[in-house]
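Visitor: I'll drop the sequence and a predicted model, then ask my questions.
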Amino acid sequence: MSSNSTVPPPNLMSLAVLILNWNRAEDSIHCVHSVQDWLQPEGTIWVIDNNSTPEDRAKLQQNLSGEVTFIFSDTNLGFAGGNNLGLQAALTAGYEAILLLNNDARVEGTAVSQLLNLLQNQPSLGMVGPELWDGNQMLSAGGGDIGLTINTHLQEPLAVGEVRQVAYVPGTCILIRAAVLPQTGLLDEAYFFGGEIADLCARAQRVGYQTAVLGGTRAQHQVERSANQRHHLHIYYVLRNRFLYVQKFHARQRLNLFVYWSLTSGRIWLEAVMQRNWPRARAVALAVWDGWNGRFGGQNARVTRGQLP
């Protein structure tokens, strides 16, 4: 076994790993195998399938039966709802730490070991994460307040071992102290996709827990591949969910920030119109309409008119 895949020492917090699948069985299978390189025998991998096609589910079962614990949902519950099934299962099983890991992301055992050690030794931390990279390009070292700006990812390099407190850690790879969740509740399913992790970190802060990124730890994420599959659904949820976050965490500035997000969305809509990207323009317009009118939750079929990517 390579040094990069070093198994976390057994005296660290017990760990559950959650991998969410939606019609991406091949990615999920490879992700599971990468985790198995370093996960302790007492750890558990949950693969939560978010109502994928029968063919995709069959591939998961054929390749991973006996290696993981499956949770199958009969509806697409989004990132929030799908992961909530796994979070509840991990809490019921008594795990002390829970790692959410995108199926197109990879993290080494050494990084997980360091994150677990940080979480264990600093009780004030509720969530921790690594730096997020795509090859040699840093994507994120945590994020700022998503209610105030559209580009919240922090990209200033951290020194090895440096602990940086942030507003949130991307849900691509985040380690959660299980004891936080009974105090905060699970992910808010009104977001469906995008913003729910920032929301959870904000609620954790309200009950006394901080969120941090640990310098020198890395996860790799294939952004281009992921973005291609998001289609124009991504921009819809990114914009619409800003209205939900503002409503929950910036109530006193609600009107001003609703106007700000409407104007920001308007610029994106105009760009889409000039490019004759009508599906994107429609998604942006719906995001603003739904944000003002409080229409949250999953809207995939409505945004895409049933033509899912």
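Guide: Yep, that arrived.
Visitor: SS state for the residue nearest to residue 34 when sequence neighbours are not counted?
Guide: Leaving out its chain neighbours, the residue that sits closest to residue 34 by CB to CB, 6 or more residues apart in numbering is residue 106, at 5.3 Å. C-beta coordinates here come from the backbone N, C-alpha and C atoms, glycine included. Recorded secondary structure, residue 106: strand (DSSP: H, G, I helix; E, B strand; the rest coil).
Visitor: does residue 106 really touch residue 219, like I thought?
Guide: Yes: using CB atoms under 8 Å, residue 106 is in contact with residue 219, at 6.6 Å.
Visitor: the more surrounded of these two?
Guide: Per other CB atoms under 10 Å, whichever of residue 106 and residue 219 has more neighbours is residue 219, with 24 against 18.
Visitor: Put the alpha carbons of the helix or strand harbouring that one into PDB.
Guide: Residue 219 belongs to strand 210-221 when elements are defined using DSSP states H and E. This file holds the C-alpha atoms of strand 210-221, laid out as PDB (Å, rounded to 0.1, in the frame of the first residue of the first chain):
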ATOM      1  CA  GLN A 210     -16.900  26.400  13.800                       C
ATOM      2  CA  THR A 211     -16.000  25.200  10.400                       C
ATOM      3  CA  ALA A 212     -12.400  24.900   9.100                       C
ATOM      4  CA  VAL A 213     -10.100  23.900   6.300                       C
ATOM      5  CA  LEU A 214      -6.800  22.200   7.100                       C
ATOM      6  CA  GLY A 215      -3.800  23.300   5.000                       C
ATOM      7  CA  GLY A 216      -1.800  20.500   3.400                       C
ATOM      8  CA  THR A 217      -4.700  18.100   3.000                       C
ATOM      9  CA  ARG A 218      -6.200  17.800  -0.500                       C
ATOM     10  CA  ALA A 219      -9.200  16.300  -2.300                       C
ATOM     11  CA  GLN A 220      -9.300  16.100  -6.100                       C
ATOM     12  CA  HIS A 221     -12.500  17.000  -8.000                       C
END
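Visitor: Pull out the buried positions in that strand.
Guide: Residues 210, 211, 212, 213, 214, 215, 217, 218, 219, 220, 221 are the ones in strand 210-221 that count as buried (16 or more other CB atoms under 10 Å).
Visitor: now do stretch 91-106
Guide: The neighbour-count check on stretch 91-106 (16+ other CB under 10 Å) flags 91, 95-106 as buried.
Visitor: Please apply the same query to stretch 263-270.
Guide: In stretch 263-270, counting by 16+ other CB under 10 Å, buried: 264, 265, 268, 269.
Visitor: if we can go back for a sec, any chance of the buried residues of strand 210-221 in TSV, plus distance to residue 187 and pLDDT?
Guide: Shown next, in TSV, are these (distance: CB to CB, whole Å; pLDDT from 0 to 100):
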residue	distance to residue 187	pLDDT
210	19	98
211	14	98
212	19	98
213	20	98
214	22	98
215	27	97
217	23	97
218	24	97
219	19	97
220	24	96
221	19	95
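Visitor: Kindly provide the distance from residue 139 to residue 153.
Guide: Distance from residue 139 to residue 153, counting by CB to CB, to the nearest Å: 7 Å.
Visitor: do residue 249 as well
Guide: Distance, residue 249 to residue 153, by CB to CB: 18 Å.
Visitor: Of these two, which one has the most company?
Guide: More neighbours surround residue 249 than the other of residue 249 and residue 153, with 18 against 15 (other CB under 10 Å).
Visitor: That one: what's it in contact with?
Guide: By CB atoms under 8 Å, 6 or more residues apart in numbering, the contact set of residue 249 is 145, 147, 199, 202.
Visitor: tell me which element the last one is part of?
Guide: Think residue 202. Applying DSSP H and E, one finds residue 202 within helix 196-206.
Visitor: swap in the second one?
Guide: Under DSSP H and E, no helix or strand contains residue 147.
Visitor: quick one: it and residue 257 touch, right?
Guide: Yes: using CB under 8 Å, residue 147 makes contact with residue 257 at a distance of 6.3 Å.
Visitor: doesn't residue 63 fall inside a helix?
Guide: Yes: counting by three-state DSSP, residue 63 is part of a helix.
Visitor: any idea how far the spatially closest residue to it that is not a sequence neighbour is from residue 69?
Guide: Nearest non-adjacent residue to residue 63, counting by CB to CB, 6+ apart: residue 29, 4.9 Å away. Distance of residue 29 to residue 69, given as CB to CB: 15 Å.
Visitor: Which of these two has more residues huddled nearby?
Guide: residue 29 (21 against 15).
Visitor: okay, and for the stretch 101-250 of the chain, where does confidence drop off?
Guide: Applying pLDDT under 70 to the stretch 101-250 of the chain flags residues 224-230.
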